[in-house]
Each structure stands twice: as structure tokens, then as C-alpha cells.
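Colleague: sequence isn't available, so here's the structure alone:
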């Protein structure tokens, strides 16, 4: 286990290094001169001396690797620069908006779990029957419907036609329902199918038969034996879908006008606020990488076979 | 060499006729063919010019001249929907083709040559997977400016990875088999082993992967166009059209209904075909 953790940590460092190089070079490739942008050259007279002074203050006259080193040192101290638009440090700006995105994502995960677990179990218990058909159709729809359009249709029916839920805004519970559902539905459908496949697979395993033969109650078999084994593929995909969850959150935040990280990034793109975009890309990148590390490690807690080193199949 | 060659001869393309058993897959094929047909003959079908604005007729209800009514600029929605299929299908085809052209050779070389090249490609792939395609698209749109070209670049940057990994995995398994050894012993040059013996093994998985990706690419492109980070306003892209209709959707929900429905049915057809192919060709890993 420790050896694996060490190996994964080394990989993590490599990936984070690549991520930082990628972001740094994009920052350098970006059109426009940041010095002129900060000095507001469009509207004010800028002397040559001012430019040179600011350029050396910002370290832009030094070789690239030194600039990268200084930038990296800043990152470690959580110094991501200041936003061109608001003038606030990017880190603080992101921390203000993070809880909003977290609220949306957690809402979506709750929707996901509360749909996919019952639907997955029912369709595994009665394969080919109506719960199975429903979950199949939901999965097809979930994979094919554009999330922004699904969200708009939800707003249309529940906010305008039936007028039972608010269409925009955030804070209250009822305002969280539609965005969470819009974001969580397509994932829920995918997970219901995965869970079904996993459960069907483990129902046919020997240890389930053995447990049945010992007279273990059916619900115990389901929850303590089969469910645990079926979670493995679910968790793999969960790690992979963290990215699409964050990406989907961008669209849903814009749609429901939630001032989260995603809408911050899109606003920053339109106002060419490079430090903010950089901060967003780094934060989400680091988050996804770390999530994947946890996913890998969780195999060891869920699958005792890997811990004993007998079967390294996962 | 001749014998091994004959023994291993497989058809390069799995025949589509063989997937006719499932009606739902056939529905997907049928519906996709209609979309492709519309894309090709669309310019001859449109009743009005999709770009001509006519402020006198803005937000008009459906009529004989405008079958689906007009949008906020008085442009014919029906014509824009039809011309929009060119943007969506054209870009998606281009992206998928580029991804295959990058992904397959890299996977073949990585798997067959191995060594430093392999570890370089695999580390690069690991690094890029840290950034989900949506976030990468935001990064590239943010730093290099929002445009359809930059959007395509960012999708390609992420999508090649899964092709390279799948191809590499198959090659790693196949290159140890007897028929490859036989070809080697028979003096078959490396490039010929790769193109003649190994390439046919990867056609079916890549075909399934590509069909399933078509839907995903369409969704990404339309989502980002909806956010204004892809196709630009005069362009009749479906996602962008949805964005145009947003302010009016309480009064005229049709403005959003048609383009969304078009995206939905197109992606659904691609997914149906992809799943049909996957079941038929019995590829579980994708």
C-alpha cells in the first residue's frame, strides 16, 4: 500500500508539473501585452520609461525559466496574481465563489445518488423488467441531451408553466433543486447502468452463492456482499466524471445565474482577465488530479483482493 | 509470410449490414442518414436565406414563408436549422477525423516501438487527462480567444488520448502473438507488419470509439457555442441559436425548442449506432 502511495504521489507531481507548464505557456502565448493592459495604454499616455519600469517590476525582462520559477514560488504561496477587472487577489476571489460551486456540485451528487442507487438495484434485481427499461431509456436520454437545453426545459416547465420552483437565483433550498437536477440527471443515468452491470456481475460470483448457501439474508447479501463489489467500477468512472461534473457546472451556473467558479471563468474569458482564467484552470486541474489519486487509493479499501496482492486486476 | 497473411486476413471494415438485427440501431442509422442528407442537399432546400435579417418580420409565428417562424433578427429559423447542420456535422467530422489521424499512429508506434517514445506519449496523455476537455476548452478559449477553431483544437487535444490508449493496448497484446512473429521471421518489414497485420486488429474498436465520440463532440461544441465560446453569432450553429433565443424563451419557447431538439436527436442517433456497433462487435472495454 505504501509503495503504491509513493508511486502515485510521484505521478501526481509529474502531472501537476505538466499542468503548470501548460498554464504558464498559455499565459505567455496569450495575445496582448499584459504590461500595456495594466497601464491601461488604450486610454492613457504611457511613456517608454513607465513600460520599462513596470516590465522589470513584474520580472518580464528576465529569461523564461526564471519567470517560471518566480511564478511557481508565487503559486506555492497561493499568490495567483490580481484580477484585472476587480483588482482583488485571484485566490480570494476564487475562495468567495467556491462555496457556490460546491453547493451546486453536492446537490448534483445527491440527485445522482438518490436516483442511481435505487434504480440500479431495481434494474439488477429485475433485469429486463420495467425498472430496467426505465433506467436504459434514462441512460440513453442522459447521454444524448445537451445539459443546457435540459436545464432550460426544466425552467420552462417547473418555473414558468407550473410555477412551483424558482428559475434563477440561489441560496434557498427550492432554488437549488432545478440546477442540481439539471446537472445530476445525466450522471445519475450513467451510474444506474454501471451499478446494474456491477451488481449483475457480482450476483453470479461464488462468494455470493456461498453466502446464500450459508443462509445469509438476501438484503445482507445485497448490501454487504454484492454492493461493495459493484462499487468498484462505479468509483473508477466517478473519478473520471469529476471533470465533466465541473465542466457541466459551468453551463448550469450560467444558465441559472449562479455566481460560482464556472461563471467567473466565463466572465473572465470575455473580459480577457488572464490571471482569473489561469487561477480557474489551475484550481480545477489540481482538484481533478487529486480526486483521481483518491479514487485509485479507494480501490484498496474496497477490494481486499488487491490489498493482499493476489489479484491486481483493477 | 504469405500463409500468415492469408490466415490473418480480415475485412478492413466490419460491414454495417450485419448490425441490422436491432430495430433501434436501424432507427439511429436511418435518422443519421437523414441528417447527413439534409447537410448535403440543405442549401437547395432552404426557403429563405439564413443570414438575411428582416427586422419588420422579427419573432414572427410560423407561416408559409417561414415554416418555423423567425428569430429576434427576423431570420428564418427553419433555414438556419438546416444550414446549422452543416456547421455541427462538418466540424464534428473534422474533429473526429483529426483525432483518429493523430491517435492511431501514435498508439501503433507507442505499442509497437515502445521504449522512450512510448513513455513520453503516455506521460503526455496522463498530463492532459488532468484537464477535462471542458476545462481545457475554457483555458484555450480564455488565453487564445474564443473561436470555433480554438474550440476544435481543445477537443482534439483531449480526444486523441483515448484512441492512442486503446490502440496501444491492443498492439501490446497482439505483437506477442505467433502471426506477428511469423511475419517477422518471414522478413516482413516493420511498416508492413504494422499496416498489414496490426492495423486490421484495431479497426473495430476504433470504429466503436469514434461513433460514441461523435455524440460527445457534438454536445461539447454546442454547449460551448451556447456559452458564446464557439460559433460566433451570425453563424447558424444550433448551440449559438439557443443562446440567441434565450431572452425570449418565456414568450416564444419554440426558439429554444427546435435547435435543442435537433441536437438531441442527432446525438441520440449517433449513440444508438455506437451502442449497436459495440454490442455487435462485442467490444466490452469501451
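Modeller: Thanks, I have the structure now. Being a predicted model, the structure only gives us computed values, none of them experimental. Numbers count the residues shown, from 1 in each chain, chains lettered A, B, ... in the order given.

Colleague: now the residue nearest to the spatial centre of chain B. Nearest residue, chain neighbours left out?
Modeller: For chain B, residue B:214 is the residue whose C-alpha lies nearest the centre (CA atoms, centre = their mean; 2.8 Å). Nearest residue to residue B:214, sequence neighbours excluded (CB to CB, 6 or more residues apart in numbering or on different chains): residue B:270, at 4.3 Å. Bear in mind the C-beta positions are built from the backbone N, C-alpha and C, glycine included.

Colleague: the one you found: what's it in contact with?
Modeller: B:28, B:32, B:211-212, B:214-215, B:218 (CB atoms under 8 Å, 6 or more residues apart in numbering or on different chains).

Colleague: and of those, the nearest to chain A?
Modeller: Closest approach to chain A among the contacts of residue B:270 (CB to the nearest CB): residue B:215, at 6.3 Å.

Colleague: on that earlier part again, can you pull the buried residues of whichever strand or helix holds the residue nearest to residue B:214?
Modeller: Element membership for residue B:270, per DSSP states H and E: helix B:254-281. By neighbour count on 16 or more other CB atoms under 10 Å in any protein chain shown, the buried set for helix B:254-281 is B:254-278, B:280-281.

Colleague: any weak-confidence spans in chain B?
Modeller: Chain B contains residues with pLDDT under 70 at B:1-21, B:55, B:57-58, B:64, B:130, B:283-286.

Colleague: try it again with 80
Modeller: In the predicted model, chain B carries pLDDT under 80 at residues B:1-22, B:42-43, B:45-76, B:126-133, B:231-235, B:245-255, B:280-286.

Colleague: distance from the chain centre to the longest helix along it, please.
Modeller: Using DSSP state H to define each element, chain B has its longest helix at helix B:77-113. Centroid separation for helix B:77-113 versus its chain: 5 Å, with CA atoms, centre = their mean, to the nearest Å.

Colleague: which strands or helices does that helix pack on?
Modeller: helix B:23-45, helix B:115-129, helix B:148-174, helix B:199-226, helix B:238-245, helix B:254-281 (3 or more CB pairs under 8 Å, 6 or more residues apart in numbering or on different chains; DSSP states H and E).

Colleague: need the residues of the stretch 1-150 of chain A near chain B, please.
Modeller: By CB under 8 Å from any CB of the partner chain, the residues of the stretch 1-150 of chain A that approach chain B are A:11, A:14-16, A:18-19, A:22-23, A:26-27, A:29-31, A:140-141, A:143-149.

Colleague: what's residue B:176 sitting at in phi/psi?
Modeller: Phi and psi for residue B:176, reported as degrees, to the nearest 10, are phi -90, psi -10.

Colleague: again, but for residue A:82
Modeller: phi -110, psi 150.

Colleague: for it, what are its contacts?
Modeller: Residues near residue A:82 by CB under 8 Å, 6+ apart: A:88-90, A:275.

Colleague: turn the buried ones among these into a named PyMOL selection, would you?
Modeller: This is how PyMOL selects the buried members of these, with burial counted by 16+ other CB under 10 Å:
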select buried, chain A and resi 89+90+275
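
Colleague: name the nearest of the contacts of residue A:82 relative to chain B.
Modeller: residue A:275 (10.7 Å).

Colleague: which other helices and strands does the helix or strand hosting the closest one contact?
Modeller: Per DSSP H and E, residue A:275 falls inside helix A:274-302. Under the contact criterion of 3+ CB pairs under 8 Å, 6+ apart, helix A:274-302 touches helix A:2-29, helix A:90-125, helix A:227-255, helix A:261-270, helix A:304-307, helix B:133-144.

Colleague: quick one: that helix to chain centroid distance?
Modeller: Mean-position distance between helix A:274-302 and its chain equals 8 Å (CA atoms, centre = their mean).

Colleague: stretch A:81-101 too?
Modeller: Between the centre of stretch A:81-101 and the centre of its chain there are 19 Å (CA atoms, centre = their mean).

Colleague: what pLDDT, on average, does that stretch get?
Modeller: Averaging pLDDT along stretch A:81-101 gives 86.
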